[in-house]
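Participant: build me a model from this:
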Amino acid sequence: MESDSTPRVPHRGLDLAAWAAVSASTVLTASTAFTSAAGTSTLPAWTVPASATMLVGSAFFAAWRHSKASIAASDSKDGYGIALASEIAARGRLGFARHAAALMASLPEGEGLRAVLRESLDRFAVDAAAVVGDEVTIVTAAGVDESIAKTGVLKMALETVHAGRAVAQDLADDGAHALTIPMRVKGQLKNVMVLWRRKRGFGPDDLDGLSLVARIVELSMENLSLLGSVRDQLDGTLHMLVDLVEQRLPNYAAYSETVAQYATALGRFRGMNEEEVADLRCAAMLHDVGMLEVPESVLNAPRRLTVEEQGALRGHPAHGAELTRVANFSPRVQEAIRSHHERADGTGYPDGLACDEIPLSSRILSVCDAFVALVSDRPHRAAISPEDAIAALRRSSGTHFDEQVVADFVHVYEKANEPEAETVEAPEGVEASRDPFEMPGAAPTPMPAL
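Facilitator: Alright, predicted model coming up:
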């Protein structure tokens with residue numbers, strides 16, 4: 001039996017009949033010509049008109065078959081062109097979706113979203129692109145009245161929320177057109193992505209393209225939500241650990257906060273990005289958390305420590321790194337805490353690292369911790385002045401501390417404490433430089449009183 005997948009030859013019977021007719025007419029014509037040339041005519045009189053009739057019929061059939069083949073070839077060419085155009089359009093959609101994902105991943109939250117919306121203006125040839133949720137983020141093309149576009153965008157977003165699905169609609173009020181995609185975070189409809197334009201409507205290709213971009217933004221928002229939850233958990237853990245340490249080391253919270261302010265300022269000056277600065281601040285807040293593992297008899301000893309007690313005390317950086325590992329703080333936080341008592345000449349602890357073997361964050365913490373300790377009152381000595389503390393850092397530069405980090409710390413400290421420094425306004429369009437002691441996501445923090 002012939003399977004369904006076997007190619008079928010159309011009009012096979014007619015083709016065979018045509019070939020048979022051509023062959024018969026050819027034989028008859030040849031026979032007639034031969035007998036005529038020989039002077040004998042044994043063939044019936046009807047053979048000539050019959051042969052001519054078969055030839056004419058075969059010619060008409062061949063012409064009809066050629067016409068059908070030409071039409072089929074033209075249809076195939078058109079179909080190939082449509083398929084090729086469809087493939088090119090699909091590649092374009094995927095390419096833009098990948099570009100949107102790169103923007104969302106490489107830029108801060110708000111900037112990434114606005115960058116995707118700005119590029120959507122050209123990609124979809126629209127007058128406005130927006131994401132509507134708890135807040136409205138909208139960008140418009142040049143010459144477009146944002147208030148008019150925003151009215152249409154909000155109307156369509158509300159309709160999408162009610163429908164719970166994508167909506168493409170002409171807006172009778174102003175003759176504009178809109179296309180929307182609902183976006184969900186943790187299964188709940190949280191935002192709506194909207195395209196808006198005044199001249200023409202949207203087609204299936206626009207819907208497919210916007211759906212891909214909306215999914216990218218949706219995943220980014222989901223990840224940010226999860227990251228925010230993790231950060232909240234870590235922030236709660238951080239404060240809990242700081243409180244625990246303060247029960248054993250009075251005033252530890254204020255002390256570590258001061259170290260963190262200096263460390264973040266120095267980290268920014270050294271070119272760390274905000275994620276690295278945030279980890280450095282966290283490490284500064286928890287740099288002595290390992291003291292939780294040191295016996296209280298050692299912490300509160302009113303005398304010089306024995307060799308064994310000094311060994312127990314020197315174990316606190318490694319204990320701190322382990323505690324932050326168990327609490328799921330980042331590897332950068334863990335290594336900064338573990339190595340903050342290493343020395344440039346290799347005589348530090350716990351690993352005896354030297355110079356550039358010591359992580360930069362640990363070298364920064366070491367200098368900032370030493371400075372704050374020197375300008376703070378201790379049970380065995382009174383605080384010294386900032387000038388004397390800086391002199392002490394410089395004397396130990398290259399042995400205890402990284403020379404360049406000490407020099408950078410002094411520069412940042414003196415710059416921040418210049419008397420009544422004149423404020424210089426940034427040129428128009430240029431963002432003013434941030435206070436080096438400002439914490440990420442918080443109001444500017446004043447320089448600690450020393």
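Participant: how about residue 161, what does it touch?
Facilitator: 182, 189, 192 (C-beta atoms under 8 Å, 6 or more residues apart in numbering). Placement of C-beta: from N, CA and C, glycine included.
Participant: what do you get for residue 156?
Facilitator: By C-beta under 8 Å, 6+ apart, residue 156 lies in contact with 167, 169, 171, 178, 180, 192, 194, 196.
Participant: could you find the closest non-adjacent residue to residue 121?
Facilitator: Spatial nearest neighbour of residue 121, excluding adjacent residues (C-beta to C-beta, 6 or more residues apart in numbering): residue 141 at 5.2 Å.
Participant: show me how the chain divides into domains.
Facilitator: According to automatic domain parsing, the chain comprises the domains 12-91, 107-224, 249-416.
Participant: endpoints of the longest one, how far apart?
Facilitator: Its start and end residues considered, domain 249-416 measures 29 Å (C-alpha to C-alpha, to the nearest Å).
Participant: quick check: mean pLDDT of that domain?
Facilitator: For domain 249-416, mean pLDDT is 89.
Participant: where do the helices sit along the protein?
Facilitator: For the chain, applying DSSP state H gives helices covering 12-38, 47-106, 109-123, 146-163, 204-248, 252-269, 274-285, 296-299, 307-314, 316-326, 331-338, 360-374, 386-395, 403-416.
Participant: now the fifth one and helix 316-326, what's the angle there?
Facilitator: Translated: helix 204-248. Angle between the axes of helix 204-248 and helix 316-326 is 140 degrees (criterion: axes from the mean of the first three to the mean of the last three C-alpha atoms, to 10 degrees).
Participant: redo the domains of the chain as JSON lines? Include distance to residue 98.
Facilitator: Putting the domains of the chain into JSON lines (distance: least, C-beta to C-beta, whole Å) gives the following:
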{"stretch": "domain 12-91", "distance to residue 98": "11"}
{"stretch": "domain 107-224", "distance to residue 98": "9"}
{"stretch": "domain 249-416", "distance to residue 98": "23"}
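Participant: how about the ones you listed, which one is nearest residue 101?
Facilitator: domain 107-224 (4.8 Å; C-beta to C-beta).
Participant: and residue 405, how many neighbours?
Facilitator: 23 (other C-beta atoms under 10 Å).
Participant: hmm, I was thinking of residue 114
Facilitator: The number of residues packed near residue 114 is 17, by other C-beta under 10 Å.
Participant: who touches it in this structure?
Facilitator: 137, 139.
Participant: can you check residue 318 too?
Facilitator: Residue 318 neighbours (C-beta under 8 Å, 6+ apart): 290, 338, 350.
Participant: doesn't residue 129 make contact with the residue nearest to residue 121?
Facilitator: No. Residue 141 lies out of contact with residue 129 (C-beta atoms under 8 Å); the separation is 9.1 Å.
Participant: need the overlap of contacts for these two.
Facilitator: residue 121.
Participant: more neighbours, the two?
Facilitator: residue 129 (29 against 15).
Participant: bridged to that one, which residues?
Facilitator: Following DSSP bridges, residue 129 is listed with bridge partners residue 139, residue 195.
Participant: thought it was touching residue 113?
Facilitator: No. Residue 129 is not in contact with residue 113 according to C-beta under 8 Å; the separation is 10.3 Å.
Participant: if we can go back for a sec, in TSV: the contacts of residue 318, plus neighbour count and distance to residue 364.
Facilitator: Listed next are those as TSV, based on neighbours: other C-beta atoms under 10 Å; distance: C-beta to C-beta, whole Å:
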residue	neighbour count	distance to residue 364
290	24	18
338	25	14
350	17	18
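Participant: can I get those residues in JSON lines including distance to residue 119?
Facilitator: Below are those laid out as JSON lines (distance: C-beta to C-beta, whole Å):
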{"residue": "290", "distance to residue 119": "48"}
{"residue": "338", "distance to residue 119": "43"}
{"residue": "350", "distance to residue 119": "50"}
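Participant: going by distance to residue 215, which of the residues you listed wins?
Facilitator: residue 338 (40.9 Å).
Participant: how much space between that closest one and residue 323?
Facilitator: Residue 338 is 11 Å from residue 323, where distance means C-beta to C-beta, to the nearest Å.
Participant: kindly report the same for residue 364.
Facilitator: 21 Å.
Participant: more neighbours, these two?
Facilitator: residue 364 (30 against 21).
Participant: residues contacting the more buried one?
Facilitator: Shown in contact with residue 364 (C-beta under 8 Å, 6+ apart): 263, 266-267, 270, 280, 405, 409.
Participant: still on that earlier bit, which ones among the contacts of residue 161 map onto strands?
Facilitator: 182, 189, 192 (DSSP state E).
Participant: save those as CSV, and put in pLDDT and distance to residue 207 too.
Facilitator: CSV is the format used below for these (pLDDT from 0 to 100; distance: C-beta to C-beta, whole Å):
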residue, pLDDT, distance to residue 207
182, 87, 13
189, 79, 18
192, 88, 14
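Participant: buried subset of those residues?
Facilitator: Buried members of these, scored by 16 or more other C-beta atoms under 10 Å, are 182, 192.
Participant: reformat the ones in strands among the contacts of residue 161 as a markdown table; add distance to residue 161.
Facilitator: Listed next are the ones in strands among the contacts of residue 161 as a markdown table, based on distance: C-beta to C-beta, whole Å:
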| residue | distance to residue 161 |
| --- | --- |
| 182 | 7 |
| 189 | 6 |
| 192 | 7 |
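Participant: tell me which of the ones in strands among the contacts of residue 161 is nearest to residue 119?
Facilitator: Among those, and counting by C-beta to C-beta, the member closest to residue 119 is residue 192, at 18.9 Å.
Participant: which residue packs closest to the closest one, ignoring adjacent ones?
Facilitator: residue 157 is the one closest to residue 192 (C-beta to C-beta, 6+ apart), at 4.2 Å.
Participant: quick one, what contacts residue 309?
Facilitator: 298, 301.
Participant: tell me the spacing between it and residue 147.
Facilitator: 72 Å.
Participant: ok, now residue 240?
Facilitator: 48 Å.
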